[in-house]
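Engineer: take this sequence and fold it.
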Amino acid sequence: MLKIFSLIEFGERAGSGLSGICKVWEKVFHTPATIEETHNNGVDRTILTLSNGGNDQDVKAMLELYSDSPGHETIQTHQDSNQKTLGEFQNDQESNQKTVDEFQNDQESNQKTVDEFQNDQESNQKTLGEFQNDQDSNQKTVDEFQNDQESNQKTLGEVQNDQESNQKSDQKLKECLKVNPNMTISELAVALNMSISGIKKIIRQLKNSGEIRRIGPDKGGSWKVVKN
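Structural biologist: I've put the predicted structure just below:
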């Protein structure tokens with residue numbers, strides 16, 4: 001026990017060491033230490049009893065003892081060193097936290113970039129779809145235009161055919177009237193294999209153009225071909 005206390009410089013190896021131990025104990029636990037000497041069967045014993053009396057150690061008293069001891073400076077140095085280490089640890093934590101925050105910010109930035117890229121892709125895809133729709137629409141318009149051209153071409157051909165047919169019908173009607181100026185509309189329809197309305201239409205056109213002329217009343221009159 002004396003050796004233990006001497007290591008922390010609370011006791012001495014000289015005979016006064018026990019006294020010093022007792023003083024320290026009483027100061028820290030506020031309970032007196034007892035020393036008992038016995039002589040039994042030629043054996044001398046010194047018994048040191050250290051009881052805390054149910055009290056907790058007085059930290060303040062221990063600090064005062066440390067401050068008075070030569071090792072106090074070393075202990076303070078260790079405390080300062082530990083405090084510095086704690087500060088560095090906190091700084092490291094703050095630095096790591098900052099790094100984590102920067103990493104999270106980078107992740108958010110990268111995520112934003114990915115979202116913008118996806119939005120661009122969707123926009124480009126939409127633009128491509130619209131372009132294809134425009135192509136389809138333009139192709140449809142071209143097809144419709146070609147169909148219209150073919151239809152118009154067909155209509156023009158039909159008109160030309162109708163004109164040729166009408167010219168032939170006009171000429172045939174005038175030839176019939178030259179042969180028989182007294183022919184009626186019904187007789188002309190049978191002779192030209194046409195309807196009565198068709199014969200009336202041709203006669204009206206020929207009269208308007210001055211190619212034929214009616215002489216006398218509708219009943220009992222005759223036709224005169226003016227222009228061949």
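
Engineer: so which elements touch the host helix or strand of residue 93?
Structural biologist: Take DSSP states H and E as the rule and residue 93 turns out to sit in helix 72-179. Using 3 or more CB pairs under 8 Å, 6 or more residues apart in numbering; DSSP states H and E as the contact test, the elements touching helix 72-179 are helix 185-192, helix 196-208, strand 222-225. For every residue, glycine as well, the C-beta is placed using N, CA and C.

Engineer: determine which of these approaches residue 147 most closely.
Structural biologist: For residue 147, the closest of the helices and strands packed on helix 72-179 is helix 196-208, at 31.2 Å, according to CB to CB.

Engineer: from the chain's centre, how far out does the next helix-or-strand element following the closest one sit?
Structural biologist: Downstream of helix 196-208, the first helix or strand assigned by DSSP H and E is strand 212-215. Relative to its chain's centre, strand 212-215 lies at 87 Å (CA atoms, centre = their mean, to the nearest Å).

Engineer: which elements pack onto strand 212-215?
Structural biologist: For strand 212-215, the elements it packs on are helix 196-208, strand 222-225, judged by 3+ CB pairs under 8 Å, 6+ apart.

Engineer: how about these in TSV, adding mean neighbour count and mean pLDDT?
Structural biologist: Shown next, in TSV, are the helices and strands packed on strand 212-215 (neighbours: other CB atoms under 10 Å; pLDDT from 0 to 100):
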stretch	mean neighbour count	mean pLDDT
helix 196-208	15	93
strand 222-225	16	92
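
Engineer: related to what we said a few turns ago, out of the helices and strands packed on helix 72-179, which is closest to residue 119?
Structural biologist: In terms of CB to CB, the element of those nearest to residue 119 is helix 196-208, at 69.5 Å.

Engineer: outside of that closest one itself, list whatever touches it.
Structural biologist: Residues from elsewhere that reach helix 196-208 (CB atoms under 8 Å, 6 or more residues apart in numbering): 166, 169-170, 173-174, 185-186, 188-189, 192, 212-214.

Engineer: now stretch 138-146 - C-alpha only, CSV.
Structural biologist: As requested, the backbone C-alpha atoms of stretch 138-146 are provided in CSV (Å, rounded to 0.1, in the frame of the first residue of the first chain):
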residue,chain,number,x,y,z
ASN,A,138,-46.9,16.7,-94.9
GLN,A,139,-46.8,13.3,-96.6
LYS,A,140,-50.6,13.1,-96.2
THR,A,141,-50.9,16.6,-97.7
VAL,A,142,-48.6,15.6,-100.6
ASP,A,143,-50.7,12.5,-101.2
GLU,A,144,-53.9,14.5,-101.1
PHE,A,145,-52.4,17.0,-103.5
GLN,A,146,-51.4,14.3,-105.9
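
Engineer: wait, isn't residue 181 in contact with residue 221?
Structural biologist: No - assessed by CB atoms under 8 Å, residue 181 is found out of contact with residue 221, at 9.1 Å.

Engineer: out of those two, which sits in the more crowded spot?
Structural biologist: It is residue 181, of residue 181 and residue 221, that has more neighbours when counted by other CB atoms under 10 Å, with 15 against 12.

Engineer: between residue 181 and residue 221, what contacts are shared?
Structural biologist: residue 215.

Engineer: adding distance to residue 43, write the helices and strands packed on helix 72-179 out as JSON lines.
Structural biologist: JSON lines is the format used below for the helices and strands packed on helix 72-179 (distance: least, CB to CB, whole Å):
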{"stretch": "helix 185-192", "distance to residue 43": "170"}
{"stretch": "helix 196-208", "distance to residue 43": "164"}
{"stretch": "strand 222-225", "distance to residue 43": "179"}
